[in-house]
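Q: Here is my input, please return the structure:
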Amino acid sequence: MSACKKTAQCPGYSLVEVLVAASVLMIAIAAAGAMALMVVSQQETNARIGRALNYQEQAARLYQLGIASDAIAGLLPPENSVESLVFTNESVVAYAGVGNVEQADCEVVFQPNEATTGWVADSWSAGDVSTLQTNTVVVVRPTTR
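A: Numbers count the residues shown, from 1 in each chain. Have a look, this model is predicted:
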């Protein structure tokens, strides 16, 4: 007879130990998967916001170059996250020591993500597609007219 049968202390793992270890491992893998989904969703949202603000900055630069505000949106390539780009409150303002400058508010309305659902059952799914954000900057240029 072998020594294992005499003492009942065979080396190895019991079925309970294997199941507990497998359960702990499955919980860790599920947590890592959920975290990866969150990171990818947030990265996509940040990228869309960055593209929308870059679009607004390029529109402001074209305005500063003297291009008519109503023609700027047609010059820029389409950006799928941008809902609208408008110039409002165009006026000529006198600044002491500088002279007269034209100024306008450049407003961009954009969709920060493409998700179809938002906060559901205490779980984040990257936001709601119906949520729009607005960013407005004041743009100035020398008087050209």
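
Q: what sits against Gln103?
A: The contact partners of Gln103, by Cβ atoms under 8 Å, 6 or more residues apart in numbering, come to Asn89, Glu90, Ser91, Val92, Val93, Val138, Val139, Val140, Arg141. C-beta coordinates here come from the backbone N, C-alpha and C atoms, glycine included.

Q: what's the distance between the closest residue to the second one other than its chain neighbours and Ala59?
A: Once its chain neighbours are removed from consideration, Glu90 has its nearest residue in Ala104; the separation is 4.3 Å (Cβ to Cβ, 6 or more residues apart in numbering). Taking Cβ to Cβ, to the nearest Å as the measure, Ala104 and Ala59 are separated by 10 Å.

Q: remind me, longest strand of the protein?
A: Taking DSSP state E as the criterion, the chain has its longest strand at strand 82-95.

Q: and the angle from the following helix or strand past that strand to strand 82-95?
A: Moving toward the C-terminus from strand 82-95, the next helix or strand (DSSP states H and E) is strand 99-110. Calculated by axes from the mean of the first three to the mean of the last three Cα atoms, to 10 degrees, strand 99-110 forms an angle of 160 degrees with strand 82-95.

Q: Which positions within strand 99-110 qualify as buried?
A: Glu102, Ala104, Cys106, Glu107, Val108, Val109, Phe110 (16 or more other Cβ atoms under 10 Å).
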